[in-house]
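Chemist: Output the structure for:
(4 chains)
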Protein chains: 4
Amino acid sequence: MQLGMIGLGRMGANMVRRLTRAGHECVVYDRNAQAVQELAAEGATPADSLEDLAAKLQAPRSVWLMVPAGITGAVAEELARVLEADDTIIDGGNSYYRHAVDRQEALRERGIHHVDCGTSGGVWGLERGYCLMIGGDEDAVTRLRPIFSSLAPGVGDVARTPGRTGEPTPAEEGWLHCGPAGAGHFVKMVHNGIEYAMMAAFGEGLNIIKHANAGRSDVEIDAETAPLSEPKYYQYDIDTTEVAEVWRRGSVVESWLLDLTAQALFEDPDLSRFEGRVADSGEGRWTSIAAIDEGVPAPLLTGALYSRFASRGLDLFANKVLSAQRKGFGGHLEKKPLAKPGDHDQPQAEQ
Amino acid sequence: MQLGMIGLGRMGANMVRRLTRAGHECVVYDRNAQAVQELAAEGATPADSLEDLAAKLQAPRSVWLMVPAGITGAVAEELARVLEADDTIIDGGNSYYRHAVDRQEALRERGIHHVDCGTSGGVWGLERGYCLMIGGDEDAVTRLRPIFSSLAPGVGDVARTPGRTGEPTPAEEGWLHCGPAGAGHFVKMVHNGIEYAMMAAFGEGLNIIKHANAGRSDVEIDAETAPLSEPKYYQYDIDTTEVAEVWRRGSVVESWLLDLTAQALFEDPDLSRFEGRVADSGEGRWTSIAAIDEGVPAPLLTGALYSRFASRGLDLFANKVLSAQRKGFGGHLEKKPLAKPGDHDQPQAEQ
Amino acid sequence: MQLGMIGLGRMGANMVRRLTRAGHECVVYDRNAQAVQELAAEGATPADSLEDLAAKLQAPRSVWLMVPAGITGAVAEELARVLEADDTIIDGGNSYYRHAVDRQEALRERGIHHVDCGTSGGVWGLERGYCLMIGGDEDAVTRLRPIFSSLAPGVGDVARTPGRTGEPTPAEEGWLHCGPAGAGHFVKMVHNGIEYAMMAAFGEGLNIIKHANAGRSDVEIDAETAPLSEPKYYQYDIDTTEVAEVWRRGSVVESWLLDLTAQALFEDPDLSRFEGRVADSGEGRWTSIAAIDEGVPAPLLTGALYSRFASRGLDLFANKVLSAQRKGFGGHLEKKPLAKPGDHDQPQAEQ
Amino acid sequence: MQLGMIGLGRMGANMVRRLTRAGHECVVYDRNAQAVQELAAEGATPADSLEDLAAKLQAPRSVWLMVPAGITGAVAEELARVLEADDTIIDGGNSYYRHAVDRQEALRERGIHHVDCGTSGGVWGLERGYCLMIGGDEDAVTRLRPIFSSLAPGVGDVARTPGRTGEPTPAEEGWLHCGPAGAGHFVKMVHNGIEYAMMAAFGEGLNIIKHANAGRSDVEIDAETAPLSEPKYYQYDIDTTEVAEVWRRGSVVESWLLDLTAQALFEDPDLSRFEGRVADSGEGRWTSIAAIDEGVPAPLLTGALYSRFASRGLDLFANKVLSAQRKGFGGHLEKKPLAKPGDHDQPQAEQ
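Modeler: Numbers count the residues shown, from 1 in each chain, chains lettered A, B, ... in the order given. Prediction:
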């Protein structure tokens, strides 16, 4: 079927490629004319404006937005002006799910459908397919089935869940209509919240393995660290690269994130290219806010978020308060990092 | 090659089966004579005592212990008495890694080798193979390569980590010599710590999705919960079973634990067979203690452990202290769970 | 000076009493006529409607709202209709600070001032005085200085912070103009966030002391708990009531919350009157949301909130997911609580 | 009564002073002869060796050790050699409570008593008195009552806990016999665990207040931080120094730690003398290990510990793993801190 695509960044462009290969006709637009030309060369129909894009699509039109979350609202609004009743706007970006609720409400007056589609798969989606979590009215979603079906990975070679029989459900193909407006982005938001925690679980665990040599006499200890009471149990130099690799086969933590971790460690065992300042986009925050609003505990999901904040030094004033308190009750002065290993003394006691 | 196996529970028996199928000769012993007979019927050589087992193995002997962590020490001690210099004891259970350090030290005097082998794979290992994390002296481990190689999954159909070329390393086959005594159980311990956090990440995330209907007027709210300020954003009834299924294809959280979660939800969507009292064995605890000893933060790994403790009600007195404090400064009385939905009033303010 | 007070619950009534004793004239209103009469008998001027209250105050009027957060907005709106330009509404309740920002914006068009005042002190405020955290325009706050000064505890017998000299600042008297609209409720919100964490710190610590007998053979252990490796170090029966009391003198954790804890434990050492279902009002939630919005980590403040959620069983589905996963990979069945102490077996291993 | 004191650092010396003022006779020893002379000048009896100290005390002797935890064991062992049956060694330092259990066991053979005494009060103890948490045999503790009574703050001007009548209990004077060997240090350990969490609660809360200007256009935002969706609610410049001060009067978070915080902020509002590298001594670690051993959740107490670890950069490799994963699935590159405010772009999306 026909689909308009606005936003030809890495994600949008690859989705167009995947759809084109599957036989769909994509009319594409981006502010960057070169991005449009590249996809035109691969078989897409170029558009040089939103109006042009609308004109090149037959009604009822379906137009997919794949633009940064920060501008999705503005682009959707602009797009709506060139669409007609019964057309559909699909927001495939990492938007806050509440915006889908609000936007659908606003568009409904003009008879325009709104579908929110959480899209997972990253730079690998062209090859692996995209996992799609979809919200919106039944009618609007139903009309787009061929698109979702082509973007999704399909049943593939993933083992079928025991007990499932008969025709695969859409979820088994990798796309799911989760509920009314916003439900798709809600599920994608939580997906990312889980992702944050899984990533941190590997980070924490590998860090513990990395420091399994904490008892070696030649390991630098910062002055604030209490000496180990039983250093003989922390004498290991374990190869984290090979550990990540071995877990890929037969262990309980087998996962795609582990695959990526193993790859990253193989390329750069000390990860020396990175400084460990971990960014966050909105989903981890929104997931925690949803947990708080619902009143359900999510200590790991929020903990993963807070660890990212701390990785960027945003706990600085809090830590200074503690140092100041310690000086207040115990006369403790902060110690400086040591010049050389072994050059440390007893940590000062808390009172 | 020849291997003695002591402990023919689910894990031990399946390992014997996998080894036998691969052409190894297993001499097997268990206190439960029937378990011995069953494996004898499948081609293993039965032994009716540790002495008998030792007698049926040619020196240098290799004997694998697959018994509960609580009795491993005693069995190893008993076994050592019937072994000779240059024989090897392999502890394949979920023992504390420090015990391997201590036991190796003790056995060294008698010239007996000790190898600790963390074994992941659970009830699925017979079919999938076991992921093996191994500690001990180079010589002892080298001699056992054929055994490890047969127990491990092998390269299988797991995609090779990009960049790796040539002959697969042992890690790529699913087994790894991690370091000296204890290193294998250390890595297995951290593996389980990560596993706890990954499990909890899915638990927390699915719980948030389950409560996405928190704003519906017909949803029961306990009396202590502040009413939602924007209930319109929490009106979803999302099918967690299908969500777990869709994430299995193309999402970032693809993992074996997700596969198991999808299966469990498919069999019992409300998980009504479970009460949510989550047990813990030792590894999660030991992982957190290692993090504390090393001085590295592990908020998610420890958080996952604490959530399990709380799931079993072990936070009760702490919570009572809070209720008592609230009564103290605000005159707040605890509220009872409500008889019926909607039958609630304003929560009482903190001062 | 003259002050109108709307809302004569425990907090509002006691504030009127404290102001009356200090020589201010309070005109009081509540939907509950009896509450009005009671305070009239103690010297306040009764009003039987908002109009009546407005009529009995000289312009420019100052009217303090001390009503539940859920209805503050509606009452403020109603009140504004009977006020005039240059009058002031003070919101002294536990409102969300954003409402103060929004309300001030709305009232400004009519020339009415809005002051938000976070009020700490609970049922003890009549006697101890109220700690006041204030937001709003400079002019409006300045006019109310005599009221704030009388409600606040005053310098009292709290030791002066070393280094401070000269005339005490308002903060030293117990009230502070924190900034523009909302700043008062913002600071009060964070105050409560800290309060949650301090409460939980005592709860957790006392719980650890309570379980210091975990190694005693006669202590009931649930079936899921791994046996202690060194039970001899957990043989203590420590009197938590006396511990809380001793900490009140000379320790680093001296605090008013400790005083209340010591009192609660003295009255009921096992806190058997409580079930440990800990309510939360909005501030702890808002504090965590502010941390998330600002991008600063607040693991303890949010952790305290989540522990309250869990105390009310809102982690149930998450925990069931974990039990189901454990069954999936290890064939583990959940164990039931034991009928009697000692009647337990080995916990089942994670794989 | 007579008391020997070994270790004349800040804590030990001040305790001698407090005891001397109360009429006790202290025989003092330290490796540092000058420290001995200083106290001799203030009325203590100097000793120039352990033997000398033992000789100057009448049997049965009581000798208090106030030396760093790391050497307490060695000094106690040396001291025991010059003592006789029925003498008593008191360990007043921040020792691991298990050492008291072990040491008492060892000393019992020689008939020497061992008392463990957790001592809180820091540099302020001379003036405020010391809060004492004591473990050991009833007889040994009873004999030392006059010493404990003089070191403790006494009833003082702390309000009596409502309901308590009659003669004050020792806890009301500030000392408590908590139980057998180790119980004193156990309670002191948990005290410090609580202290860590209370400190962090203030640190986190004040950090949230400090960042209440996160929505101001002139505030530097790091490149990884998602722009605020509603910046108008984060426009505050709140004076944290005055906030800490106002909370000291009438609020629920009144505490000695708050007093110290207010003082530190008054002296140095930006805490620019500190770098925020927060040390930890052993107690916070041991408290968390006790919680884990007992199987009770302590998310805040452990969270406070982990935040200290992170403040010293010990989460670095974990964070690098996350950055590497992000690059793996999304092609995200880490961003550098910005050169100047406002110079940032959209954060990159998680997939």
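Chemist: what distance separates the start and the end of stretch A:128-137?
Modeler: Start-to-end span of stretch A:128-137 (Cα to Cα, to the nearest Å) is 28 Å.
Chemist: right, is that stretch up against chain B?
Modeler: Yes: judged by Cβ under 8 Å from any Cβ of the partner chain, stretch A:128-137 comes into contact with chain B at A:128-133. Quick note: C-beta positions are derived from backbone N, CA and C, even for glycine.
Chemist: do the host helix or strand of residue A:199 and chain B meet?
Modeler: Here residue A:199, judged by DSSP states H and E, is contained in helix A:183-210. Yes: legend: contact between helix A:183-210 and chain B by Cβ under 8 Å from any Cβ is shown at A:183, A:186-187, A:190-195, A:197-198, A:200-202, A:204-209.
Chemist: Enumerate the positions of the worst-scoring helix or strand of chain A on mean pLDDT that are buried.
Modeler: The helix or strand of chain A with the poorest confidence is helix A:125-128; it has a mean of 89 (mean pLDDT, DSSP states H and E). Neighbour-count burial for helix A:125-128, counted by 16 or more other Cβ atoms under 10 Å in any protein chain shown, picks out A:125-126, A:128.
Chemist: Over to stretch A:17-33?
Modeler: By neighbour count with 16+ other Cβ under 10 Å, stretch A:17-33 contains the buried residues A:17-20, A:24-30.
Chemist: Inside helices: which ones of the residues you listed?
Modeler: A:17-20 (DSSP state H).
Chemist: Quick one: these as JSON lines, columns for pLDDT and distance to residue B:330 too.
Modeler: Listed next are these as JSON lines, based on pLDDT from 0 to 100; distance: Cβ to Cβ, whole Å:
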{"residue": "A:17", "pLDDT": "97", "distance to residue B:330": "61"}
{"residue": "A:18", "pLDDT": "97", "distance to residue B:330": "59"}
{"residue": "A:19", "pLDDT": "97", "distance to residue B:330": "59"}
{"residue": "A:20", "pLDDT": "97", "distance to residue B:330": "64"}
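Chemist: Would you tell me which one of these comes nearest to residue A:115?
Modeler: Nearest to residue A:115 out of those is residue A:19 (Cβ to Cβ; 15.6 Å).
Chemist: pretty sure that closest one is touching residue A:3, no?
Modeler: Yes: the criterion here is Cβ atoms under 8 Å, and residue A:19 meets it with residue A:3 at 6.3 Å.
Chemist: Quick check: which helices or strands does the least confident helix or strand of chain A pack against?
Modeler: On a contact count with 3 or more Cβ pairs under 8 Å, 6 or more residues apart in numbering or on different chains; DSSP states H and E, helix A:125-128 meets helix A:10-21.
Chemist: Is there contact, residue-wise, from the helix it packs on to chain B?
Modeler: No: using Cβ under 8 Å from any Cβ, we find that helix A:10-21 stays clear of chain B, coming within 11.2 Å at best.
Chemist: Could you find the closest non-adjacent residue to residue A:14?
Modeler: Nearest non-adjacent residue to residue A:14, counting by Cβ to Cβ, 6 or more residues apart in numbering or on different chains: residue A:126, 3.9 Å away.
Chemist: Mind telling me which residue of the stretch 1-150 of chain A is nearest chain B?
Modeler: Nearest to chain B, among the residues of the stretch 1-150 of chain A, is residue A:131, at 3.7 Å (Cβ to the nearest Cβ).
Chemist: burial count for that residue?
Modeler: By other Cβ atoms under 10 Å in any protein chain shown, 29 other residues sit near residue A:131.
Chemist: quick one on the thing from earlier: how about the helix holding residue A:199, does it reach chain D?
Modeler: Yes: residues of helix A:183-210 contacting chain D under Cβ under 8 Å from any Cβ: A:192, A:195-196, A:199-200, A:202-204, A:206-207, A:210.
Chemist: now stretch A:260-276
Modeler: Yes: for stretch A:260-276, a contact with chain D is found by Cβ under 8 Å from any Cβ, at A:260-261, A:263-265, A:268, A:271, A:274-276.
Chemist: Could you do stretch A:317-333 as well?
Modeler: Yes: using Cβ under 8 Å from any Cβ, stretch A:317-333 reaches chain D at A:317-332.
Chemist: Among the residues you listed, find the lowest-pLDDT one for me.
Modeler: Least confident of the residues of stretch A:317-333 next to chain D in the model: residue A:332, at 67.
Chemist: near chain C, which residues of chain A show up?
Modeler: Residues of chain A lying near chain C (Cβ under 8 Å from any Cβ): A:252, A:280, A:285, A:288-289, A:291-293, A:295-299, A:302-303, A:305-307, A:309-310, A:312, A:314-315, A:318, A:329, A:350-351.
Chemist: among the residues you listed, which are in strands?
Modeler: The members of the residues of chain A next to chain C all map outside strands under DSSP state E.
Chemist: Tell me which of those residues fall in helices.
Modeler: A:285, A:288-289, A:291-293, A:299, A:302-303, A:305-307, A:309-310, A:318, A:329.
Chemist: Which member of those residues is positioned nearest residue C:118?
Modeler: residue A:292 (20.1 Å).
Chemist: Which residue comes closest to that closest one once chain neighbours are left out?
Modeler: Residue A:292's closest residue in space is residue C:285 (Cβ to Cβ, 6+ apart), at 4.9 Å.
Chemist: Just give the strands next to the longest strand seen in chain A in its sheet, each with its orientation.
Modeler: Assignment by DSSP E gives strand A:113-120 as the longest strand of chain A. If you go by DSSP bridges, strand A:113-120 pairs up with strand A:88-91 (parallel), strand A:131-135 (antiparallel).
Chemist: Of these, which stretch is the most buried?
Modeler: Highest mean neighbour count among these (mean count of other Cβ atoms under 10 Å in any protein chain shown): strand A:131-135, with a mean of 30.
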